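Novice: please find the sequence and the predicted model below.
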Amino acid sequence: VEFIESNRVHLIQRMGMITVKQIADDLLACNVMSCEEVNTIACEKVEQEASRMMIYMILNKGSEACNILVKSLEKHNPFLFHDLQGYTTGQVEEEKLNDLIQDLKYVYLSSAFQKYHLLGSDIDIIFDLGTAYTDVLLWKKDTHNSRKGQLTLNVLLEELKNPCIIEGEAGKGKTTLLKRIAVLWASDNCSTLKKFQFIFFISLTTTRGGIYETVCDQLLFEQYPICKQDFMEMLLAQRQRVLFLLDGYDEFKPQSCPEIEAMIKENHKFKDMVIIVTRTESIRKIRQFGSLIAEIGDLLEGSCKKLIKNVLTNKLAHGLLNQLKEATSMKNLMKTPLFVIIACAIQMGESNFHPSTQTLLFSTLYDLMVEKNRYKTKEITENHIMLSINHCGDLALDGIFDQRFDFQSEDLADVKEVILLASGLLYKYTAQRLKLTYRFFHKSFQEYTAGRKLCKLLTSCQEAEVKKGYSDLQKINTISDITNTYFNLLLYTCGSSIDATRIILDFLKRTDQHRDISQLFSLKNLALESKYTKKSENITEKEDLNKIGEDIFADCVINFFYESSSKSALSRDFEEFFNDKSIYINTQNIPIYFSVFFRYLPNCVSVLGLIKLDFFGNYSPSKEIDDENVENLQISSLKTYIPEKAVFLFFNWNQSFRSLEITLQDFNKLKKRDIKYMGKICCSAASLKLHISNSSGTTGTLNEVLETCKNLKDLTVESTPLTVEDEQQITTMTKLKTLHIRDLQSENLEGGLIDGIKKLVNAEGLVLDNISMDESEGIRNLRKLCLLYMNHLTAIGDGIAYIVRSVSDELSELEEIQLVNCCISSDAVEILGKN
């Protein structure tokens, strides 16, 4: 009671919702609180109120209840407990701390830590951090998931904020990056890391108990000379001089170590520095807690070559590098370190291999592993071998649906363990574990094995297997499941056979047709993680989420098409799906599958309802030109601000897009070639929407771009000055349906926009916001106008009354007029009142 009474204020302010719920569960289990009391606390939205409510409840229940609460606090939040207790009796001796530092450095510099089999011990490829590591390219990202600039590892460490979250696709080198940081600290080769007294590298896949138990399990040994209380006190005292490197949040089960979960989500209470890495599809769970967010980018060509030379013998490395030079289809795969390593493994056993997709890469590796190790099980019958391999597929598939990546002996009860271990499909982990654990060498390989199995079920000749395959598909019941949780499973299923791709496509069509309002909640979370965060103004939340979902869904299906084994054979199958769909292309990062989509599915591109393109002027000028496109485009060495990759999509396009929506943002400069590129893109649409924002670089050149936009239907110009030639060109765009002009940043030009606005006879919407204008007779000629919005029109004076009288008398189609900050006179109000 005394502990709670004396620390009541701190407990209320610092416990946090996670700790409160954990303590409440313990109190319920001990019959100290009722279910109703626990639910009342859990439903409280303000964490301090929940803490206050629980503390006063327990104080009223007596000393025994208080003792149970205090023990539960020590168990679930030892940082806070020891801090409030003022625990000083067990000051950690300086000698023991130095021993801990040396023990950690010994681990990180050991061969066991720096050298490991990336693809399992049966494939003789050892990755050595000391010689094979290549520098990674990192992208700094904002809360809208937009890239804001490049980072090197050194810059990341210099700018480190707490907590830091690093995301990356499977195989991008997330684990290797964290190990590299640990090794740099241990070897004293990085001045930035010298500020850290301790660095702990923790694999979140195998956490158990608390932080102390996990550290001892993974890095030290049981019954370490420093006890748990002293260890936790040391963390509390050192604070930002301690760095935790947490690997694999996507495979982390918070219930296995609540202390680490609290360290991530309530870090402000503990102060220890944290870097967490996770796969891209899982970052939504922790994005809101990150102070610095970065993404691991593609492996650079030079780094790829260095990696291959360090892994393979000279002869094999030379052979693989020659293949890469000849096979352009492999270039995209070689941007992912794991796929480079797999290609190296395959090169050791199959020198004529030419992979073009992830599925082909894994498929060749899978077959190679099974065949290469067949001699180890030659005494076992073929039937037993096939049964065991089939069961391995079942394990992988069921594990994906259950989000299980560790398997126990009972999971292998019906098969011969030796077959799966000998083939390399599974690996056994026994170190410091009460139960044997079996695992695939990488989560991506489990996803591939699951996709291979699902493909086999769906295309089987046996009715029971087909029924099982369709039953598994029914577990994927939302758009979020398809584009996020089970994306890789479906990707590898499509990549395994044409027939499976057709079945998956039919499934996607049905899911698309039957999605309803209940899926908007999952789309809301999905939108936060996606690149599709742009909002339209006059649109409801439901419509907005639907549009976001459609963009992401279509992008996902294009991925499946790219992965499929025969693109030409599936062209007609995909056309029906893409009819009236919209796609979003962020020109900062155009994936290769969009190029394939435009090349192999022109019929599908033509039936798209809308293509959205965003161009950002703060993006650096283009530096790369794909070799296969140089001759076609015949461009000079001049750098451009419109990326060539975006132009390639449209350059040889001879058909017409139904609708194209283009945004130009933050352009301080445009070159002649940029204008030419924009003209080529804009003229390819039957209906064009053009949005220009904060782009002074278009001033004086916008008229040249607009000359090519014969089908411009919607034009928005924001915070961008215009010349009289630009304004005059706008007034010649007689097909315009809507015109939005905001923050024009230039005076009313004689003979410009306001004088020539009468020519826009087909305009149905007109927005004039924060511009300079006086009386305008032109607006009365816009007979089709349905919406007129005017805000903060400087120099308008009494002209507003003239405008109101004109539109009231002449514009019979007008449905809505909004006048904001326009100094409306009494005459104008009277005219509006009579209309």
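Specialist: Perfect, I can see it now.

Novice: what is the burial count for Thr207?
Specialist: By other Cβ atoms under 10 Å, 26 other residues sit near Thr207. Just so you know, the C-beta spots here come from the backbone N, C-alpha and C atoms, and that holds for glycine as well.

Novice: please report how far it lies from Met263.
Specialist: 11 Å (Cβ to Cβ, to the nearest Å).

Novice: same question for Leu11.
Specialist: Taking Cβ to Cβ, one finds Leu11 at 19 Å from Met263.

Novice: ok, Lys581 next?
Specialist: 43 Å.

Novice: what sits in contact with each of Thr207 and Met263?
Specialist: Between them, Thr207 and Met263 share no contacting residue under Cβ atoms under 8 Å, 6 or more residues apart in numbering.

Novice: what ranges do the strands span in the stretch 351-500 of the chain?
Specialist: 427-429, 437-439 (DSSP state E, counting those that start in this stretch).

Novice: right, I mislabeled it, should have said the stretch 51-200 of the chain
Specialist: For the stretch 51-200 of the chain, the strands defined by DSSP E, counting those that start in this stretch cover 115-117, 126-128, 138-141, 147-151, 164-168, 198-203.

Novice: neighbouring contacts of the fourth one?
Specialist: It stands for strand 147-151. With contacts defined as Cβ under 8 Å, 6+ apart, strand 147-151 is touched by 137-142, 159, 294-295, 297, 588-589.

Novice: so where is the stretch 51-200 of the chain shaky, pLDDT-wise?
Specialist: For the stretch 51-200 of the chain, the stretches with pLDDT under 70 are 86-93, 117-126, 131-132.

Novice: can you pull the contacts of the residue nearest to the spatial centre of the chain?
Specialist: Nearest residue to the geometric centre of the chain (Cα atoms, centre = their mean): Thr280, 4.4 Å. Contacts here follow Cβ under 8 Å, 6+ apart; on that basis Thr280 touches 167-169, 295, 529.

Novice: swap in 6 Å and give it another go.
Specialist: Thr280 makes contact with 167, 169 under the criterion Cβ atoms under 6 Å, 6 or more residues apart in numbering.

Novice: just Phe221 next, same as before
Specialist: No residues are in contact with Phe221 under the rule Cβ under 6 Å, 6+ apart.

Novice: cool, Asp406 as well?
Specialist: Asp406 makes contact with 437, 439, according to Cβ under 6 Å, 6+ apart.

Novice: how close does it get to Tyr486?
Specialist: 19 Å.

Novice: what does stretch 451-460 contact?
Specialist: Contacts of stretch 451-460 (Cβ under 6 Å, 6+ apart): 393, 397, 465-466, 468-469, 489, 492-493, 496-497, 499-500, 503.

Novice: any of those buried? List them.
Specialist: Buried residues within the contacts of stretch 451-460, counting neighbours by 16 or more other Cβ atoms under 10 Å: 393, 397, 468-469, 489, 492-493, 496-497, 500, 503.

Novice: of the residues you listed, which is the nearest to Leu316?
Specialist: The closest of the buried ones among the contacts of stretch 451-460 to Leu316 turns out to be Tyr492 (Cβ to Cβ; 26.9 Å).

Novice: the residue nearest to Asp512 when sequence neighbours are not counted is in what secondary structure piece?
Specialist: In this structure, Asp512 finds its nearest non-sequential neighbour in Phe553, 6.6 Å apart by Cβ to Cβ, 6 or more residues apart in numbering. Counting by DSSP states H and E, the element that carries Phe553 is helix 541-563.
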